[in-house]
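A.B. asks: give me a model of this one.
(one chain, ligands or ions: 1)
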Amino acid sequence: MNPRSLLSFCQADLKALMECLRRAVEIESPTSSKAGVDHLANFFAREFRRSGGTVRLLRHATAGSSLLAEFWGERRGMKPILVLGHLDTVWDLGTLRRMPFRVHHGRAYGPGILDMKSGLVCGLWAVRALRAVKGAPRSPVRFFLNSDEETSSVAFRKQILAEARRARAVLVLEPAQGRALKTARKGVGEFQITVHGRAAHAGVNPAAGVNAIAELARQLLRVERLARPGRGLTINVGVIEGGTRSNVVPEHATARVDVRVPRLGDGKALERKVYALKPVHPGARLEISGGVNRPPMERARAIDLFRQARKLGREMGMELEEASTGGGSDGNFTAALGIPTLDGLGGVGDDAHARHEHVIIRELPRRAALLAALMARI
Ligand SMILES: [Zn+2]
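C.D. replies: I've put the predicted structure just below:
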């Protein structure tokens, strides 16, 4: 199998690839819309079947369906390669009306196009390219397209982990970082800190009250001091709520705090410190919940796969770099199991989760060919 023949196939088939991408983008699939995600799952089920895959829809009572597709399933001699993607986006139903799919100056725009409908389409074309050049991989290739990645992959977490455990490598279809592949991701966590104080009239008997907002403000300054930005351990107090009206000493206040940790040990240490917070005011009570919910994807899990990708990229005339990111993906879970995981193999573009979200069109066949070459060679 010559990687260049994969690239030629994908480049020659770009028109069909773009048509498939347009159709995928035009099926709105916010995590919260079961109907929308189900619709997109059905769309990809048909496309994967057309490419010879054995496809199963995994239904869920409240979340959208996830999709499992297997190719070259008869090659049982080796553990499968798992290709991970997600069907859901962060864009609400109706977004297409103000942000329609469009092509302009070599870029394609639309909600979820970078994160990650282009990745899904590249995965599909990788299979099509391998079939076209008769370059079957040595092992089965299994796709798991998850339905609720953008809200931390709760519904199908168990199934994803089970798939990963039986795989020998995991390829993740999240967008590239610039053009770079992602070899490390920080762990992601969220804490909720609630202060219970005591309400009182702010004018008549303020001393009878315990101001929950003032207490929370003091606690949050302590929490911020737990950050180690130099090492990549960052903390963001993102939401704060509390109080009822200005002339009432507030009884309750709550903050939600996002944390990013470079190593598993950092997450454990941080959890210990946050849960050890003590009230400053003796009349206040703290209620703390949450913690690290996506473990970090450490570089050691990715580096061998990255080296192979770089070598294959060179054979196709691409110079691939590696990057790390603070954002989490399902690759965090699979890497934490010790399974070699390479991420950022999806589309190249910019502004994921933002108004001008787009992909660079000529990169798409290159990404599809790289995925195909990885499936064939690793
Ligand atoms: Zn994503």
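
A.B. asks: from here on, just use CA atoms for contacts and neighbour counts.
C.D. replies: Will do.

A.B. asks: the longest helix in the protein is where?
C.D. replies: helix 34-50 (DSSP state H).

A.B. asks: partners of the next helix-or-strand element following it in the sheet?
C.D. replies: Proceeding N to C from helix 34-50, the next assigned helix or strand is strand 54-58, under DSSP states H and E. For strand 54-58, the pairing partners within the sheet under DSSP bridges are strand 66-71 (antiparallel).

A.B. asks: what residues does the strand it pairs with touch?
C.D. replies: Strand 66-71 is touched from outside by 38, 41, 45, 48, 52-59, 87, 140-147, 156, with contacts defined as C-alpha atoms under 8 Å, 6 or more residues apart in numbering.

A.B. asks: buried among those residues? Make that a PyMOL selection.
C.D. replies: Selecting in PyMOL just the buried members of the contacts of strand 66-71, where the criterion is 16 or more other C-alpha atoms under 10 Å, is done with this command:
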select buried, resi 38+41+45+48+53+54+55+56+57+58+87+140+141+142+143+144+145+146+147+156
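
A.B. asks: name the nearest residue to residue 325, ignoring sequence neighbours.
C.D. replies: Closest residue to residue 325 apart from its sequence neighbours, by C-alpha to C-alpha, 6 or more residues apart in numbering: residue 185 at 4.9 Å.

A.B. asks: wait, the one you found sits on residue 260?
C.D. replies: No: under the criterion of C-alpha atoms under 8 Å, residue 185 makes no contact with residue 260, lying 9.3 Å away.

A.B. asks: between those two, what contacts are shared?
C.D. replies: Contact criterion C-alpha under 8 Å, 6+ apart; residues shared by residue 185 and residue 260: residue 326.

A.B. asks: and residue 143, helix, strand or coil?
C.D. replies: Put simply, residue 143 is strand when judged by DSSP: H, G, I helix; E, B strand; the rest coil.

A.B. asks: secondary structure class for the closest residue to it other than its chain neighbours?
C.D. replies: For residue 143, the nearest residue in space outside its immediate sequence neighbours is residue 83; the separation is 4.6 Å by C-alpha to C-alpha, 6+ apart. With three-state DSSP as the basis, residue 83 sits in strand.

A.B. asks: distance check, residue 153 against residue 147.
C.D. replies: Using C-alpha to C-alpha, to the nearest Å, one gets 8 Å for the distance from residue 153 to residue 147.

A.B. asks: what's the neighbour count on the closest residue in space to residue 375 that isn't next to it in sequence?
C.D. replies: For residue 375, the nearest residue in space outside its immediate sequence neighbours is residue 137; the separation is 5.9 Å by C-alpha to C-alpha, 6+ apart. The burial metric for residue 137, expressed as a neighbour count using other C-alpha atoms under 10 Å, is 23.

A.B. asks: quick check: residue 137 is in a strand.
C.D. replies: No: using three-state DSSP, the assignment for residue 137 is coil, not a strand.

A.B. asks: phi and psi next, for it.
C.D. replies: Geometry field for residue 137 lists phi and psi as phi -60, psi 170, criterion degrees, to the nearest 10.

A.B. asks: in the helix or strand hosting residue 272, which residues are buried?
C.D. replies: Element membership of residue 272 [criterion: DSSP H and E] is helix 264-275. For helix 264-275, burial by neighbour count (16+ other C-alpha under 10 Å) applies to 264, 266, 267, 270, 271, 274, 275.
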